[in-house]
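# here is the input, now give the coordinates:
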Amino acid sequence: MAHDECEVLGLHPEAVERVGSKMPDDETIGRLADIFKALADPTRARILYALSLEELCVCDLAALTGMSSSAVSHQLRLLRAGRLVRYRREGKMALYCLDDEHVRHLLQEGLCHACE
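Down below sits the predicted model:
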C-alpha cells in the first residue's frame, strides 16, 4: 500500500456532512475549472499578466508575446469567454484589461505560489 493512502477504510460522516454542505454546485465548480484551464496555457498567462499591469491593445500584446495579432486575438477570445478579460473601444482601437480585481488577485496568488 502506498504511504499516502489510508491504511484502513472508514468514513468520517460528520466531516463529510460539514464539507458537503459547503460545496459549490456543479455549474460553479465547472466554471472554476474553466478558469484554471484558461490559466494553464503559458501564452494566456502572459497576456493576463501583461493586462494586470495596464490596459493594452492587441498589437501591444502581440509585440509583448512575440505572436501575430490574429493569434493573440484568438487567445483573447478564449479569455473573454472565460470572463477573465474585457475590452472597450476607443475609436478604431480595442483596449483590453482584466475583467475585475478577482482576476488580478488570482494571478498574484498564483505567482506568489509559483515563486515559493
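# all contacts plus neighbour counts: C-alpha atoms, from now on.
Will do.
# what's around L111, how many residues?
12 (other C-alpha atoms under 10 Å).
# pLDDT on the helix or strand harbouring R31, on average?
For R31, the enclosing helix or strand under DSSP states H and E is helix 26-39. For helix 26-39, mean pLDDT is 93.
# try stretch 63-79
pLDDT averaged over stretch 63-79 gives 96.
# centre of the chain to it, how far?
On the basis of C-alpha atoms, centre = their mean, to the nearest Å, stretch 63-79 sits 16 Å off its chain's mean C-alpha point.
# just use 13 as the starting number from now, easier for me
In the new numbering, first residue 13, that becomes stretch 75-91.
# what comes up buried for that stretch?
Buried positions in stretch 75-91, judged by neighbour count with 16 or more other C-alpha atoms under 10 Å: T77, S81, V84, S85, Q87, L88, L91.
# the fifth one contacts R58, doesn't it?
No: taking C-alpha atoms under 8 Å as the contact criterion, Q87 and R58 are not neighbours in contact, 10.7 Å apart.
# now do the strands in this structure.
Remark: strands assigned in the chain by DSSP state E are 68-69, 97-102, 105-110.
# mind listing what R98 touches?
Each residue near R98 by C-alpha atoms under 8 Å, 6 or more residues apart in numbering is listed here: R92, Y108, C109, L110, D111.
# which residue comes closest to the last one once chain neighbours are left out?
Put plainly, it is D111. Distances taken as C-alpha to C-alpha, 6 or more residues apart in numbering put V97 closest to D111, at 4.3 Å, once the chain neighbours are dropped.
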